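Colleague: sequence plus predicted model, see below.
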Amino acid sequence: MLDKVTKQKLVVIGNGMAGIRTVEALLERAPDLYDITVFGSEPYGNYNRILLSPVLAGEKTVDDIMLNTVDWYEDNNIALRKGETISMIDRRTCEVVTDAGDRVPYDRLLIATGSNPIMLPLPGKELPGVIGFRDIYDVDRMIKASTDYRNAVVIGGGLLGLEAANGLMKRGMNVTVVHLLDTLMERQLDPVAGGLLRKSLEERGMVFKMPAQTQAILGEDRVTGARFGDGTELAADLVVMAVGIRPNFELAKKAGLHCERGVVVSDTMQTYDGRIYAVGECVQHRRQTYGLVAPLFDQAKVCANHLAMKGFATYDGSVTSTKLKVTGIDLFSAGDFAPGPDKEEIVLQDANRGVYKRIILKDKKIVGAVLYGDTIDGPWYFQHLRDGTDVSHMRERLVFGAANLGEGGVSGQNSVAAMSDETEICGCNGVCKGAIVKAISEKKLFTLDDVRAHTKASSSCGSCTGLVEQVLAFTLGGDYSAAPKVKPLCKCTDHSHDDVRRVIIEQQLKTIPAVMRFMEWKTLNGCHSCRPALNYYLLATWPGEYRDDQQSRFINERVHANIQKDGTYSVVPRMWGGVTTPSELRAIADVAEKFNIPTVKVTGGQRIDLLGVKKEDLPAVWADLNDAGMVSGHAYAKGLRTVKTCVGSEWCRFGTQDSTGLGVKLEKFMWGSWTPAKVKLGVSGCPRNCAEATCKDVGVVCVDSGYEIHFAGAAGLHIKGTEFLTKVETEDETLEVIVALTQLYREEGWYLERMYKWCDRVGLEQIRKRVVDDVANRKALFGRFAHSQQFAQTDPWAERASRGVDRNEFAPLAELELA
Amino acid sequence: MTGWIEIGALDDIPRLGSRVVRTPGGNIAVFRTESDEVFALDDRCPHKGGPLSQGIVHNKRVTCPLHNFVIELASGQAVAPDEGCTHTHPAKVENGIVWLSVRQAAAVS
C-alpha cells in the first residue's frame, strides 16, 4: 500500500488518440510510476477518429472503431472520467477543476485536447442542420439527416470535406461540394491530380461548385440553402462545414501557458510549465501543427519516454503522407511538392489508365510525391523521402517504382484494393490479404510492426513490406503510422544502429552488457535481434580484443553449420574459388557414406552441401574433412561466403585474365571475416560473365586491359545488377580495392543490411570517394581489414573437431533411461 | 512424474544457454538464465517443432531458431501475439548440481 501513497499523479485532459497512445506507451515503459486519471468530454472510450469517414459511409460501425473500451481502463488501473469536462487548470496549486467544481491534484499534467472544426462566421451558421465533422455525435447527426433529407452542401474540398461528401452520397443524398479554390485538396495535390480526382468523383455523382465563396447560410427554422459570392444559391437541407480544424488550446491559454496557433511545446513535448506536457492536434511544435495520426504517435512516444523519466528521446517534427479514404480511389501524397527553382520533377501521366505520378527531387533526394491511380509505391517513395536517400543512381527508373527497380520482391501484384481476400501477400509465411485486413480491424493495429507481430506478414524476408503497408493504408485509410524515420535497432532500445556503433567507439564499450547498460536497454539481456547485432559491432570494432559471445550468436554461427527444418545440420566445406580435387571429392564421398548423410547437393556458389547431419556427428564429420585438407566454407556466416569463378584464361578460349586464380587469391585473403550480412563474390574471366559476377555483392569482370570492379548486386529477394565501382590494371590493385570496400562496409553497415542496401543508404559516390579516390583512406581500410584477419582466420571446424572448443555444445548433458 | 534425477553440473550449461537431456520420449532442453536459474522444456517449439535448445536465451525466454517464436521458459507459453505452449518439467539447482523431474513422457515426436 505504501507505493500507492508515494506514486505520482498523472492527469490526462482528453480521451482521444494522442492522449491514450501516450498513456499506452508510458505503461509499456513504466507501468507503476503513476496513478493515472483521464478526463474525456465525450461519453465513450477512446475511438479511432480517422475512421469516422468509413462509419459515415456505412462501411464500418462505431463498435468497429473503438480502440480502448472501458474495461481496458479498469484493467490498467486508470481512472476514466468520461463525460466530465475540465474547465480550469490551477497551476498554483497543481490542480485541475472540472465543470462540476471538483478539484483533482496532479504532479504531471498531459494536455491532449485535440482540435475543433472551424465553423465559418457566416450568417445563419447556428441554424439547425449546419454541422461540423469531428466526432461521433456529428456523424450520428449526419446519418440521421441522410434518412430525413435529400440535399446536402459540403463546404470545403479538402480531405475531410471530400470524405464527408462521399459518405453522405453513399447514404443516398445529393451532394454538392463547395470549394474556395480551383484545386481539390490543394494542400496535398497538384492541379493535375486534383483534376483527376474531381473527374472520378463526378463520375460517381458528386457535384462541385468551385471556385466559390459561401456568403450566407439561408433558412428560418432550419437550413434551406446557401448563397455564394457570385449571387447564386443552392437548396440544401444539410450543410457540413469541413474547412479545417483549429487546435483546441483555450484551456491551456486560460492557464497562462504560452500559446500561438496551438500550445507551444519543446522537443520533449513540454509546455512552458515543465510539469505540463501536451501532445496531439492541440500542440504547436517548431511552428508546425499536425492533424494526422502518424505525427501524434511520434509525439506520444517521446512524451511517454519523458514521463517515464528516461528523458533521452526528442521529437524533431514529422513528415506526413496522406491517402484519401474514399473506397475505389487511389491517391497518395507526401512531403513538399510546391514547384521551386531548386527542385526537379519527374512526371508520368497516362490519361487512359488514369495514372499520374509526380516525384519531386531536391539535391538528389525525394522531397515530395503525388500519386494518383497507382499508389502501390507510395510507402516506398515515402521511406526514401524520410530516409533522405540519395536516389541519383536510380533516377531514370524512379518513377516506375520499386518493382521496376527489383525492390518490390517477387510479387507482381500491383493494386491492393483490387486484390481478393485470398490473395497471398506474404509468400514466406503464407498470409493472405483477408487475414491481414481482419487482424488490422479486429486487433486495432496501426503500425507495420503490429501487423508483423500479429500476422507474421512481412516478418521474414520483408519483400512484401510495401504491400503490407498498402494493406494498412487501404484498411486504415492511409493514416497509419509508418515505420519511424530513424529506425531503432530493435524493440529493446530507441537507439538506431548508427547511434550504437558510434557510442561503442566513443565510449570504448567492449562488452554487450556494457553497451546495454550505457545505452539504457529496456530489456534485461536484449533479444534475438539485438544480441547478434551487438556481438558483431563489438567484434568488428575491437578485433583481437573483444571476446566473441557464443550465446549471442545465431545457432548457425554458434555451431558452424546450417540448421535445417528437422533440427539436423548441413555442412559445406570450402572449395577455394570453386576448385576441387579428386582426393577432396573422395573424402566428401567417404564422409557422406560413413555418417549416412542423406543428401549431397551442389550449391549455387560452386560448393558441395552435405545435408541432414546430426548435431552430435558434426565434430567427427569435420575431423574427417579436415584430414583431407578441407576447412569450413562459412556457408552459415554473416561473413565471406563463396567466391564463384569461371575457368578464365587458363582454359577458356575467350578468357582474358586468370579469373580462377584471382578468385582463389581473394578467397584466401578474405575468408573468416565477419561482415554485417553475408558477402558473396564472383570473378568472371571476360565480359561473357559466366561467373555471374554482376549480381554479386562484389564482382570482378576481367577485360583485356585489366579488371572491372563492380559491387552492390543482389539475386535473391531482390534482383539488382551491380554498380560499377572502378577499373584497375593489376590483381594486387583489385585485391586492395575489394578489401577496402569490404572493410568500409564492415565499419558502416547495419547488422543484416546487405551490401546493396548499404550502398543505397549511403550512396555510391560517397563510397567511391572513400575507397577509390582517396588512396590513403583505401590503404588505411585495407590495413584495418588485414589486422582484423589475424584474429579471424582460424578454422572453426578444426578448433571444434580436434581442439575441444565448445565440446559441451555437441553432446547431451545427460541420457535418461526412465524405466 | 518421476522423482528428482541428477542430470549434471550447472557449470556444464552455459549462462544464457541450454543443454539437451535425452529421454526415450524425446529431448528435454535445460536452460540456464543469466542469474543461474534453470528451466526445463520439451525441446520442441509449439509452432513447427524446432529445437528450442538451439535458440538464443534472453531474460527468461528463448527464441526458436527456426521461425523466431519466443517461448516463456517458466510456463512454456509462446509470447503473444504468437500462440502455443511447450510442455515444461520441474528443474532446480542445489549446490551447483542440476536436478530434473520428468513430468510424464516428453512429447512424442
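Modeller: The structure has been received and is ready for your questions. Numbers count the residues shown, from 1 in each chain, chains lettered A, B, ... in the order given.

Colleague: so A:Thr511 sits against A:Leu538, correct?
Modeller: Yes - using Cβ atoms under 8 Å, A:Thr511 makes contact with A:Leu538 at a distance of 7.2 Å. Where C-beta positions appear, they are placed from N, C-alpha and C, glycine not excepted.

Colleague: any idea of the mean pLDDT in the host helix or strand of A:Tyr537?
Modeller: Assessed by DSSP states H and E, A:Tyr537 sits inside helix A:530-541. Here helix A:530-541 scores 97 as its mean pLDDT.

Colleague: dihedrals phi and psi, A:Lys254?
Modeller: The phi/psi pair for A:Lys254 (degrees, to the nearest 10) reads phi -60, psi -30.

Colleague: how about the contacts made by it?
Modeller: The contact partners of A:Lys254, taken as Cβ atoms under 8 Å, 6 or more residues apart in numbering or on different chains, are A:88-89.

Colleague: low-confidence ranges in the chain?
Modeller: All of this is about chain A. Applying pLDDT under 70 to chain A flags residues A:1-5, A:323, A:325, A:327, A:403-418, A:461-463, A:477-486, A:819.

Colleague: um, chain B though
Modeller: Short version for chain B, where the test is pLDDT under 70: B:105-109.

Colleague: repeat that with 50
Modeller: For chain B, applying pLDDT under 50 flags the ranges B:106-109.

Colleague: list the contacts for the residue in the stretch 701-819 of chain A positioned nearest to chain B?
Modeller: The stretch 701-819 of chain A approaches chain B most closely through A:Leu813 (3.6 Å), counting by Cβ to the nearest Cβ. A:Leu813 is in contact with B:7-8, B:12-13, B:19-21, B:30, B:98, counting by Cβ under 8 Å, 6+ apart.

Colleague: tabulate those residues in TSV, adding columns for distance to A:Leu238, neighbour count and secondary structure.
Modeller: Shown next, in TSV, are the contacts of A:Leu813 (distance: Cβ to Cβ, whole Å; neighbours: other Cβ atoms under 10 Å in any protein chain shown; DSSP: H, G, I helix; E, B strand; the rest coil):
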residue	distance to A:Leu238	neighbour count	secondary structure
B:Ile7	77	24	strand
B:Gly8	78	18	strand
B:Asp12	78	17	helix
B:Ile13	72	21	coil
B:Arg19	73	23	strand
B:Val20	71	21	strand
B:Val21	74	25	strand
B:Val30	70	28	strand
B:Val98	75	25	strand
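
Colleague: how about the residues of chain B by chain A?
Modeller: Residues of chain B lying near chain A by Cβ under 8 Å from any Cβ of the partner chain: B:2, B:5, B:7-8, B:12-17, B:19-25, B:27, B:30, B:34, B:48-51, B:54-59, B:63, B:65-68, B:70, B:81, B:98, B:102, B:105.

Colleague: are any of these buried, and which?
Modeller: When the residues of chain B next to chain A are checked for burial by 16 or more other Cβ atoms under 10 Å in any protein chain shown, the buried set is B:7-8, B:12-14, B:16-17, B:19-23, B:25, B:27, B:30, B:49-51, B:54-59, B:63, B:65-68, B:70, B:98, B:102.

Colleague: SS state for B:His47?
Modeller: Three-state assignment for B:His47 (DSSP: H, G, I helix; E, B strand; the rest coil): coil.

Colleague: list the buried residues in stretch A:727-746.
Modeller: Burial within stretch A:727-746, assessed by neighbour count using 16+ other Cβ under 10 Å, is assigned to A:727-728, A:731, A:733-746.

Colleague: list of residues touching it?
Modeller: By Cβ under 8 Å, 6+ apart, the list of residues contacting stretch A:727-746 reads A:540, A:640, A:657, A:662, A:665-666, A:669-670, A:673-676, A:679, A:681, A:698, A:700, A:703, A:705-709, A:711, A:725-726, A:755, A:758, A:767, A:770-772, A:777-779, A:781-782, A:784-786, A:788.

Colleague: please name the nearest non-neighbouring residue to A:Asn116.
Modeller: Sequence neighbours aside, A:Asn248 is the residue nearest to A:Asn116 in space, at 5.0 Å (criterion: Cβ to Cβ, 6 or more residues apart in numbering or on different chains).

Colleague: that neighbour touches A:Pro117, doesn't it?
Modeller: No - counting by Cβ under 8 Å, A:Asn248 stays clear of A:Pro117, with 10.2 Å between them.

Colleague: okay, stretch A:249-267 in PDB with CA atoms only?
Modeller: Written as PDB, here are the backbone C-alpha positions of stretch A:249-267 (Å, rounded to 0.1, in the frame of the first residue of the first chain):
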ATOM      1  CA  PHE A 249      -6.000  25.200 -26.600                       C
ATOM      2  CA  GLU A 250      -8.400  27.500 -24.800                       C
ATOM      3  CA  LEU A 251      -7.800  25.700 -21.500                       C
ATOM      4  CA  ALA A 252      -4.100  26.000 -21.800                       C
ATOM      5  CA  LYS A 253      -4.300  29.600 -22.800                       C
ATOM      6  CA  LYS A 254      -6.500  30.400 -19.800                       C
ATOM      7  CA  ALA A 255      -4.000  28.800 -17.500                       C
ATOM      8  CA  GLY A 256      -1.400  31.200 -18.800                       C
ATOM      9  CA  LEU A 257       0.600  28.700 -20.800                       C
ATOM     10  CA  HIS A 258       2.300  30.200 -23.900                       C
ATOM     11  CA  CYS A 259       0.100  29.500 -27.000                       C
ATOM     12  CA  GLU A 260       0.300  30.700 -30.500                       C
ATOM     13  CA  ARG A 261      -1.600  28.600 -33.100                       C
ATOM     14  CA  GLY A 262      -1.500  25.800 -30.500                       C
ATOM     15  CA  VAL A 263       0.000  25.100 -27.200                       C
ATOM     16  CA  VAL A 264       3.700  25.700 -27.800                       C
ATOM     17  CA  VAL A 265       5.800  22.700 -26.800                       C
ATOM     18  CA  SER A 266       9.500  21.900 -26.700                       C
ATOM     19  CA  ASP A 267      11.200  18.800 -28.300                       C
END
